[in-house]
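1. Here's a sequence, model it:
(one chain, ligands or ions: 3)
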Amino acid sequence: MEPIKVTKPKERFIKEYVCPDCNRTVTQKELEIPRGPRKGEWIVADYGCICEDMKLVEEAKKRGVAFKNKKMKQLFDYYSLINDALKDATLENYEPTSNELAIAKQNIMTYIQQFDGTKNLLLHGNYGTGKSHLSVSVTKELMERGHECLFLSLPKLLTKIKETYNNKGVTEDELLEVIQRVDLLVLDDIGAEHHTEWANTKLFEVLDDRSGKSTIYTTNLNSNELRAQINERNFSRMMENTDIITMNGRDYRRKEF
Ligand SMILES: Nc1ncnc2c1ncn2[C@@H]1O[C@H](COP(=O)(O)OP(=O)(O)OP(=O)(O)O)[C@@H](O)[C@H]1O
Ligand SMILES: [Mg+2]
Ligand SMILES: [Zn+2]
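-> Ligands and ions are numbered 1, 2, ... in the order given. So this is what the prediction gives:
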């Protein structure tokens with residue numbers, strides 16, 4: 001068989017230069033089109049510049065991040081159990097009404113800056129001082145930084161888990177899977193309702209699933225009340241690797257008149 005003859009296109013060297021954008025040495029050549037309707041025409045081509053490739057990679061990266069952020073927000077919105085009053089809560093619109101609350105906000109900001117996915121916080125204090133508000137703010141800030149977050153009111157979570165026993169909505173397994181996987185879980189309002197044995201068993205499952213990962217707890221109870229309500233075993237789990245932030249102050253929900 002005759003070997004297929006490959007004709008190398010005729011080419012002329014034009015110049016060599018360093019591309020100011022990608023810093024590569026680029027060879028510019030003129031090539032003669034070897035076949036087709038434009039046969040015999042000369043075209044200029046640059047070899048070695050990777051600007052186009054880099055642009056494509058950048059675009060793909062940006063699309064990837066946007067996609068990830070959208071996915072994270074969807075997961076947060078879909079699985080979180082959160083009051084409407086907290087939907088707009090941010091760090092910016094939290095105005096501390098006392099020195100203690102200003103320190104609390106400062107500590108929360110430090111927590112965000114130093115977030116490493118392992119440390120926990122316990123926010124405790126009386127009603128309406130912004131414990132939930134600041135916890136929601138943390139989820140917003142961390143999601144901006146690419147961390148998956150979830151906000152669960154514990155009383156609502158326990159109700160949800162009961163509902164799944166009647167096959168409504170999300171299953172318990174699915175919930176626990178999400179609880180286990182997110183980088184930060186907020187477990188809000190611990191001990192707000194009387195904890196039955198069943199509730200404490202469920203709480204233990206959640207705490208156990210979270211071991212080694214970051215969780216923010218909020219509660220109205222002091223440590224003795226909390227220990228009595230959620231039992232010794234849960235309490236001890238909760239206090240592992242946990243910094244405490246005290247947030248007492250005036251109830252922001254109560255209108256002054
Ligand atoms: N310092 C503040 N600046 C702006 N808004 C605040 C502030 N404190 C509380 N709020 C708002 O007041 C409402 C009650 O606050 P939040 O739910 O965070 O209180 P809490 O400490 O979690 O109370 P509870 O102990 O009853 O759960 C929310 O809508 C919150 O956004
Ligand atoms: Mg709260
Ligand atoms: Zn280039």
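2. ok, longest helix in this protein?
-> With secondary structure taken from DSSP state H, the chain has its longest helix at helix 51-79.
3. Skip ahead from the strand or helix carrying Asn200 and say which helix or strand is next.
-> Following DSSP states H and E, one finds Asn200 within helix 197-209. Per DSSP H and E, the first helix or strand lying C-terminal to helix 197-209 is strand 214-219.
4. Is ligand 1 within reach of the next helix or strand along the chain from that following strand?
-> Using DSSP H and E, the helix or strand that directly follows strand 214-219 along the chain is helix 223-238. No. Contact of helix 223-238 with ligand 1 (C-beta under 6 Å from any ligand atom) is absent, the minimum separation being 13.0 Å. Every C-beta, even on glycine, is put in place using the N, C-alpha and C of the backbone.
5. Counting by contacts, list what helix 223-238 packs against.
-> strand 120-124, helix 197-209 (3 or more C-beta pairs under 8 Å, 6 or more residues apart in numbering; DSSP states H and E).
6. So which of those is nearest ligand 3?
-> Smallest distance to ligand 3 across those (C-beta to the ion): 47.6 Å, for strand 120-124.
7. Now Thr246, what are its backbone angles?
-> In terms of degrees, to the nearest 10, the main-chain angles of Thr246 are phi -90, psi 130.
8. ok, back up a step: between the helix or strand following the longest helix of the chain and strand 120-124, how big is the angle?
-> Remark: after helix 51-79, the chain's next helix or strand is helix 99-113, criterion DSSP H and E. Here the directions of helix 99-113 and strand 120-124 differ by 160 degrees (axes from the mean of the first three to the mean of the last three C-alpha atoms, to 10 degrees).
9. what angle sits between helix 99-113 and strand 214-219?
-> 160 degrees.
10. Report the buried residues of helix 99-113.
-> Across helix 99-113, burial judged by 16 or more other C-beta atoms under 10 Å covers Leu101, Ala104, Lys105, Asn107, Ile108, Tyr111, Ile112.
11. Closest one of those residues to ligand 3?
-> Ile112 (38.2 Å).
12. Verify the contact between the closest one and Met143 for me.
-> No. Counting by C-beta atoms under 8 Å, Met143 is not a contact partner of Ile112; they are 11.2 Å apart.
13. returning to that earlier point: kindly indicate which of the buried residues of helix 99-113 lies nearest Thr242.
-> Tyr111 (11.4 Å; C-beta to C-beta).
14. OK, contacts around the closest one?
-> Counting by C-beta atoms under 8 Å, 6 or more residues apart in numbering, Tyr111 touches Lys119, Leu121, Val138, Asp243.
15. Counting neighbours, what do you get for the residue in the stretch 51-200 of the chain positioned nearest to ligand 3?
-> Per C-beta to the ion, Cys51 is where the stretch 51-200 of the chain lies closest to ligand 3, at 3.4 Å. Neighbours of Cys51 under the rule other C-beta atoms under 10 Å: 14.
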